[in-house]
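Novice: Return a 3D structure for these sequence lines:
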Amino acid sequence: MNDPTDSDLIERTPKSSSMSSQFLYLLLFLTSLRLSSSDEQKMESVPDLQNSMYLAVDGYPCIRLLNLSGEIGCSNPGREKVVLPMINFKDADEILEPSAVLVSMDAISSFFTRLQDDSHFANNVGGVLIEPGTGIQNRTEGFSPAQKFPQAKFAPYKKNDYEWNPIGSGIMWNRYNFPVFLISESSISSIQEAASKNVKSKKDYVSNVAEFDLVMQTTKAGTHSSMSCLKEETCLPLGGYSVWSSLPPINTSSSDQSKPVILTVASMDSASFFRDKSIGADSPISGLIALLAAVDALSHVDGLDDLHKQLVFVVFTGESWGYLGSRRFLLELDLQSDAVSGLSNRLIDMVFEIGSVGKSSNHGSGNFFAHMTEVSSSKNETWNALKLARESLPLENIKVSPASTTNPGIPPSSLMAFLAKNPQISGVVLDDFDTGFTNQFYQSHLDDLHNINSSAIEAAALLVARTLYILAINKNELSSSVLTAIKVNTSLVEELIGCLLNCDPGLSCELVKRYITPSSVCPNHYVGVILDEPSSAPYPDYVHDVSRFVWNFLADRTSIPKENTSSVCSQNCDDRSEVCIGAETGKGTCVISTTRYIPAYSTRLKFESGYWSVLPPNSSDHLGAVDPVWTESNWNTIGLRIYTIQAAAYDRFVLLGGITTTILAYFAIVAVRSSIIKALKRD
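Specialist: Purely as a prediction, here's the structure:
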């Protein structure tokens, strides 16, 4: 037998290698068939693969807001997503590398305090995940990210260091160069588990990370104030649409408008550290619900045309951001625009504001305080009306008291804007607190359904309805039987609470769907941004769901049915004195009502030729001079997801090991090959 040559050996080696490869391929194919026939999840597409690798997290972001002097809120530090390993704050005595920190609601105050006091700690906080804090309302601790004196610059008195909100931390008014998310109930268990695994497996080569997509356009463009971002179109002004209505309707075609006006106001917007979780149940939505219930109660009273004074109701938006709604309303009155046709500054006799009224006392259905202006004659008249209304109530456990004389003045409220315009105006703010907020969660996402008492709101609505009637009727014509006949629909109050403060049923409730087609189910009372040129007849899609509902509700309750004519409408009605209720549902009805939208945005802003510009301050407008001119940064997408990655050190180790193995394998193959050749030659 001839000895094999080198060429023979070289030819045979690839054949055996090819056979081995084919065997391996067959083995892998059989294994894949076995796996696909098992009960494990099938991977049929790229999205299936992504879903198995990444867990999308439901949450509510803290976003970037801007004013004339700078920025507040949160954003990714640059143009890219932020990917960081997760760690639980309670396990983090020290943070040695940039991390996403999971913080419980119980620890949120100590966390942000440490951020301010410990620069080394702050430098390694690259993102924050906040636990929702379910049930914290039942504990003694509170949480308010607002200031101790909210919007103190607008106060009509000098003592602006007074603490109306003593528990306020002010953290939502700071700038954070990292993303912050409030985690939803449905996602928190996954986040906690992932963060715990990171602590337990510190020596492992894998890590659970959070990926934050919170890139703000103002950060990308480097526009760090309202003036610069509006110029470069990287932001939009905060604002929306307020609503006003009169009971009975005002004859706007008549030039003789001589009845004094009692202006009853409430707010429909709140603020929060987290944009889409601004609920504001006690502050201010309890006041809004009380106003709507009071209007409903008064709408059933006969003889309203004979009232000595005209009842006008206004629901403002944007009040949490420089009293945008009330200040714009007063400017529209000065300009006598179409939005306020039928009203006049000179006719406003008094302002009755319904503030926070959702907190009940420990031993009763309602304990309210009247914060009144110092106009003595009107003050006495208002207080007497409140006392008379209180005495007419069937429940003895409802109390109303004048606010303490030690207070520096009225609390933060829309009435401040009216006093800046006319210091002699008569006004009262009805609240559930005296010297300081009883709401331990003011401008917090925790000011929700669990933070109010429906019986307190019902009591406030009844007290307001009867007080307004007493103030509007001629004293000689006041009848106790008519007064006691004014009753609040308790079912309506409960329904409004469910619609405006809860996701179930939320804005999909029958009351709301009777009038509008909501864009979302879960109510959120953040003011939002002005999307187009402000108008007294805005395009419905540019108006917040709650504003559209309030407009329709007030138009319905304050209306007079048309006579002997078809009242079906889909958009507008023929007569200027008429409005179309429920137009969005396709089954609108034309009625006679004085109900209008009023744009709500900064008096320092002007929209012209498709662009926003900032006007110089007016020397005659004190509040305009301190107006921050709030804007919200534009953004493309906002998202948060978690997944597992290998540590970079492990990747380098694997790479180095692979290179080393390859080199050693090469030399081993060469050595074995040489040995085999020598052995064969010897044979």
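
Novice: Can you tell me, leaving aside adjacent residues, what's nearest to residue 521?
Specialist: Computed as CB to CB, 6 or more residues apart in numbering, the closest residue to residue 521 that is not its neighbour in sequence is residue 506, at 4.3 Å. In short, each C-beta sits where N, CA and C put it, glycine included.

Novice: pLDDT score assigned to the nearest residue to residue 432 once chain neighbours are set aside?
Specialist: By the measure of CB to CB, 6+ apart, the closest residue to residue 432 outside its immediate chain neighbours is residue 359, 4.3 Å from it. pLDDT for residue 359: 89.

Novice: before we move on, what about residue 204?
Specialist: At residue 204, the model reports a pLDDT of 61.

Novice: what does residue 652 give?
Specialist: pLDDT, residue 652: 72.

Novice: now stretch 528-539: mean pLDDT?
Specialist: Rounded mean pLDDT across stretch 528-539 is 92.

Novice: that older thread, how about the contacts made by the residue nearest to residue 521?
Specialist: By CB atoms under 8 Å, 6 or more residues apart in numbering, the contact set of residue 506 is 498-499, 521-523.

Novice: and what of residue 88?
Specialist: By CB under 8 Å, 6+ apart, residue 88 lies in contact with 101-102, 192, 195-196, 199.

Novice: distance of the closest residue to residue 639 other than its chain neighbours from residue 500?
Specialist: Closest residue to residue 639 apart from its sequence neighbours, by CB to CB, 6+ apart: residue 213 at 4.2 Å. As judged by CB to CB, to the nearest Å, residue 213 and residue 500 stand 30 Å apart.

Novice: try residue 75
Specialist: The value you get for residue 75 to residue 500, if CB to CB is used, is 30 Å.

Novice: With residue 345 instead?
Specialist: Applying CB to CB to residue 345 and residue 500 gives a distance of 31 Å.

Novice: between the two, who's got more neighbours?
Specialist: Neighbour tally, residue 345 and residue 500, criterion other CB atoms under 10 Å: the higher count belongs to residue 500, 28 against 15.

Novice: Show me the strands in the stretch 1-150 of the chain, by range?
Specialist: Secondary structure of the stretch 1-150 of the chain by DSSP state E, counting those that start in this stretch: the strands cover 55-56, 59-61, 64-67, 70-74, 82-88, 99-103, 125-130.

Novice: just the stretch 301-450 of the chain next, same as before
Specialist: Along the stretch 301-450 of the chain, the segments classed as strands by DSSP E, counting those that start in this stretch run 310-316, 348-354, 366-372, 398-402, 426-431.

Novice: Reformat the ones you listed as TSV; add mean pLDDT.
Specialist: TSV is the format used below for these (pLDDT from 0 to 100):
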stretch	mean pLDDT
strand 310-316	98
strand 348-354	96
strand 366-372	92
strand 398-402	92
strand 426-431	97
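
Novice: For residue 170, which of these is the nearest?
Specialist: For residue 170, the closest of the strands of the stretch 301-450 of the chain is strand 426-431, at 21.5 Å, according to CB to CB.

Novice: List the contacts of the residue positioned nearest the centre of the chain.
Specialist: Note on the chain: the residue nearest the mean C-alpha position is residue 278, at 3.0 Å, using CA atoms, centre = their mean. The contact partners of residue 278, by CB under 8 Å, 6+ apart, come to 269-272, 443, 445, 524-526.

Novice: try it again with 10 Å
Specialist: Residues in contact with residue 278 (CB atoms under 10 Å, 6 or more residues apart in numbering) are 60, 269-272, 320, 443-445, 447, 523-528.

Novice: Now the two most distant members of the contacts of residue 88.
Specialist: Greatest spatial distance in the contacts of residue 88: 101 and 196, 13.6 Å, computed using CB to CB.

Novice: Which one of the two is surrounded by more residues?
Specialist: When neighbours are counted by other CB under 10 Å, residue 101 comes out ahead of the other of residue 101 and residue 196, with 26 against 16.

Novice: pretty sure that one contacts residue 125?
Specialist: Yes: Residue 101 lies in contact with residue 125 (CB atoms under 10 Å); the separation is 5.6 Å.

Novice: if we can go back for a sec, reformat the strands of the stretch 301-450 of the chain as TSV; add mean neighbour count.
Specialist: Listed next are those as TSV, based on neighbours: other CB atoms under 10 Å:
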stretch	mean neighbour count
strand 310-316	26
strand 348-354	25
strand 366-372	23
strand 398-402	17
strand 426-431	26
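
Novice: Export these as a markdown table, with columns for distance to residue 645.
Specialist: A markdown table is the format used below for the strands of the stretch 301-450 of the chain (distance: least, CB to CB, whole Å):
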| stretch | distance to residue 645 |
| --- | --- |
| strand 310-316 | 49 |
| strand 348-354 | 53 |
| strand 366-372 | 55 |
| strand 398-402 | 60 |
| strand 426-431 | 52 |
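
Novice: For residue 533, find the nearest of those strands.
Specialist: Of all the strands of the stretch 301-450 of the chain, it is strand 310-316 that lies closest to residue 533, at 20.5 Å by CB to CB.

Novice: Return the list of helices and strands in contact with whichever helix or strand residue 553 is part of.
Specialist: Using DSSP states H and E, residue 553 maps to helix 545-557. Packing partners of helix 545-557 (3 or more CB pairs under 10 Å, 6 or more residues apart in numbering; DSSP states H and E): strand 240-247, helix 286-298, strand 310-316, helix 490-501, helix 510-513, strand 578-581, strand 588-592, strand 595-600.

Novice: change it to 6 Å
Specialist: On a contact count with 3 or more CB pairs under 6 Å, 6 or more residues apart in numbering; DSSP states H and E, helix 545-557 meets strand 240-247, strand 578-581.

Novice: Point out the most buried one among those strands.
Specialist: Comparing the helices and strands packed on helix 545-557 by mean neighbour count (mean count of other CB atoms under 10 Å), strand 240-247 comes out on top with a mean of 26.

Novice: Neighbouring strands - and their directions - for it?
Specialist: According to DSSP bridges, strand 240-247 has the following sheet partners: strand 310-316 (antiparallel), strand 595-600 (antiparallel).
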